[in-house]
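Student: Below are the sequence and a predicted model; questions follow.
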Amino acid sequence: MILPAWRAVEGGVELRVKAQPKARRAGLLGWMDGADGPRLKLAVHAAPEDGRANRAICALLATLLHVPPSAIAVVQGAAAREKTCRIAGDPARLAEQLETLA
């Protein structure tokens, strides 16, 4: 992977993800190439209705990165499968944790 799927921002990182809602098995599916660069692919059980899939993605990311769910928000693509999530915290520590998922 040449470019990371995340970038440091003030107070945290922004991570590009690809959501797979209504999946049989929830979890991390790995890294994939998107039109604008790499993305972290995540599967969740929740349907993409009333923000349920977005909340499930935030909860899954919180578990994977060991941060509280309130530290994660979908900042772009709330109604799309390709999203950008903002994760609050130390950018260096979060980048290290994201690299371990690779």
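Tutor: Yep, that arrived. Worth saying up front: this structure is predicted, and the values here are computed from it rather than measured.
Student: Helices of the protein, residue ranges please.
Tutor: 52-65, 91-101 (DSSP state H).
Student: Give me whichever of the ones you listed is most buried.
Tutor: helix 52-65 (a mean of 19; mean count of other C-beta atoms under 10 Å). Glycine gets a C-beta too; all of them are placed from N, C-alpha and C.
Student: could you give the angle of that helix to helix 91-101?
Tutor: Angle between the axes of helix 52-65 and helix 91-101 is 90 degrees (criterion: axes from the mean of the first three to the mean of the last three C-alpha atoms, to 10 degrees).
Student: separation between the residue positioned nearest the centre of the chain and residue 79?
Tutor: Centroid-nearest residue in the chain, with C-alpha atoms, centre = their mean: residue 17, separated by 4.6 Å. To residue 79, residue 17 is 14 Å away according to C-beta to C-beta, to the nearest Å.
Student: Can you tell me the closest non-neighbouring residue to residue 47?
Tutor: Of all residues not flanking residue 47 in the chain, residue 22 sits nearest, at 5.3 Å (C-beta to C-beta, 6 or more residues apart in numbering).
Student: returning to what we had before: could you list everything the residue nearest to the centre of the chain pairs with in the sheet?
Tutor: According to DSSP bridges, the partner residues bridging residue 17 are residue 40, residue 83.
Student: wait, doesn't it sit right on residue 57?
Tutor: Yes - using C-beta atoms under 8 Å, residue 17 makes contact with residue 57 at a distance of 6.6 Å.
Student: List the residues that are in contact with both of the two.
Tutor: 42, 83, 85 (C-beta atoms under 8 Å, 6 or more residues apart in numbering).
Student: For the first one, list the residues it contacts.
Tutor: For residue 42, the contacting residues are 17-20, 27-29, 57, 60-61, by C-beta under 8 Å, 6+ apart.
Student: remind me which residues of the protein are low pLDDT?
Tutor: 1-3, 102 (pLDDT under 70).
Student: circling back to that earlier point, please look at the residue nearest to residue 47 and residue 52 and confirm they touch.
Tutor: No - here residue 22 lies out of contact with residue 52, judged by C-beta under 8 Å, at a distance of 10.1 Å.
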